[in-house]
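A.B. asks: the sequence and its predicted three-dimensional model are supplied below.
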Amino acid sequence: MTGVLVVDDSQFIRTVVGNALTDAGYDVATVSSGEDAIAFVEANEPDVITMDVEMPGMNGIDAVEHIMCRRPTPILMLSAYTERGTEATLDALERGALDVLQKPDGSGGTNIGHLTDAVVEKVEELSEASISTLALARATAAVSATERRQVTPSGGGSTVTDDGGVQTISSRRQADTPTIDTATLVDDTVLENPTVIVGASTGGPRIIEQLLTHLPVDLGAKVLIVQHMPVDFTRRLADRLDAISAYDVAEARDGDRVRAGEVLIAKGGSHLQVVNNVNGALRVRLEDGDRVHGVRPAIDVTMETAATRVNDPLCGVVLTGMGRDGAAGIRAIKRAGGYTIAQDEATSPVFGIPQQAIETGCVDEIVPAPALIDRLIDVFTTDGETDD
């Protein structure tokens, strides 16, 4: 039986979430603090954890980091509807947590019943997460911890290994993390007005961060990203990505235009449509219609509208996540003459979205996360795959 640990300082949340998971057939344990969570994980090794963000004593962020360093486990963050809670949850995702749900605050259309239904669905998804990618997430968390605790003038540091020893590293990029390789354009002619559409769900933010950190500015791409995330999180995610990327990154607004060297993140709660492509600039529209595959924004909506309206070089990329969203979009981009890439299983925490896209027969390449940048460069340069 799949074991789930519910971590929350609210007895009410522990009770209702725990009861919902028990009724769904899970073996549930509950604790009220980060310290107790760490002790329980060390002793019992649950299959999935739901983690509150803000708790007295050790908060959820530090607990996630410790657990991912020592006992990699799929972790679902439960975040309060506050700016502080949102920012802290993004920190937790950086340190190894795989997904997030927002607790209802009583002011919107969601209630505790919606939360428990969503938790049960997410726990089922996370119970299938890849152990190998969790090990990579552990390495990322370990290096992240080291960087915060020990910074030397040379950029050196150390991290805890599996056996409790210490591994010396000279920089974050030299650690055994799922880092996307940096690439540069040398004597290549870049195709004019390239557009990249990226779709991701569970486990996506870390890979998107790496992609935008290393995407060459001289590629001059226009990038639209659809990351399944609750409302309010996508703006914070865009701000964080803008701070680390040479590209200009923003949450999409209705009527925005995206030009070379710019990135728009689909707004949580709204579909992102491409409405025209004029003089190398895309204009987008936000649409609050029905959910597609149970989500909004949907990857399919953005990819399908891009396939219809983008006549310039176009590439669709589907990354880690559960479900079918993105499969129809990849098919549309391929039929429109674009290039299509799916993340491989070995580097996908959850392989559902890439797998469904691959099964359409419309994926040109299956690529590990570290090779994404090189492949995008090849697609959009004159000696790339698009010339075959």
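C.D. replies: Alright, I've got the coordinates. Keep in mind that this is a model prediction, so the values were computed, not measured.
A.B. asks: kindly report the domain assignment for the protein.
C.D. replies: 3-129, 133-174, 195-387 (automatic domain parsing).
A.B. asks: out of those domains, flag the one nearest Thr189.
C.D. replies: Minimum separation from Thr189 across these (C-beta to C-beta) falls at domain 195-387, 4.4 Å. Quick note: C-beta positions are derived from backbone N, CA and C, even for glycine.
A.B. asks: quick one: terminal-to-terminal distance for stretch 357-373?
C.D. replies: Start-to-end span of stretch 357-373 (C-alpha to C-alpha, to the nearest Å) is 20 Å.
A.B. asks: what's the closest non-adjacent residue to Asp232?
C.D. replies: Spatial nearest neighbour of Asp232, excluding adjacent residues (C-beta to C-beta, 6 or more residues apart in numbering): Thr86 at 5.5 Å.
A.B. asks: which stretch in the domains of the chain is the model least sure about?
C.D. replies: Ranked by mean pLDDT, these end with domain 133-174 in last place, scoring a mean of 42.
A.B. asks: so Val223, which of the three states?
C.D. replies: Of the three states, Val223 takes strand under DSSP: H, G, I helix; E, B strand; the rest coil.
A.B. asks: also Leu5?
C.D. replies: Leu5 - assigned by three-state DSSP - is strand.
A.B. asks: mind listing what the residue nearest to Asp232 touches?
C.D. replies: Going by C-beta atoms under 8 Å, 6 or more residues apart in numbering, Thr86 touches Ser79, Asp232, Phe233, Arg236.
A.B. asks: A helix includes it, no?
C.D. replies: Yes - counting by three-state DSSP, Thr86 falls inside a helix.
A.B. asks: that one and Val100: what is the separation?
C.D. replies: Going from Thr86 to Val100 by C-beta to C-beta, to the nearest Å gives 9 Å.
A.B. asks: now the end-to-end length of stretch 366-375.
C.D. replies: End to end - C-alpha to C-alpha - stretch 366-375 spans 10 Å.
A.B. asks: please verify my assumption that Pro349 contacts Glu125.
C.D. replies: No - the criterion here is C-beta atoms under 8 Å, and Pro349 misses it with Glu125 at 10.0 Å.
A.B. asks: how about the nearest residue to Val249, chain neighbours excluded?
C.D. replies: Among residues not flanking Val249 along the chain, Asp242 sits closest, at 3.9 Å (C-beta to C-beta, 6+ apart).
A.B. asks: what helix or strand does Ile49 sit in?
C.D. replies: strand 48-52 (DSSP states H and E).
A.B. asks: in stretch 324-344, what counts as buried?
C.D. replies: The neighbour-count check on stretch 324-344 (16 or more other C-beta atoms under 10 Å) flags 324-334, 336, 338-344 as buried.
A.B. asks: quick one: which of the contacts of Thr86 is most hemmed in?
C.D. replies: For these, the largest neighbour count, defined by other C-beta atoms under 10 Å, is 25 neighbours, found at Ser79.
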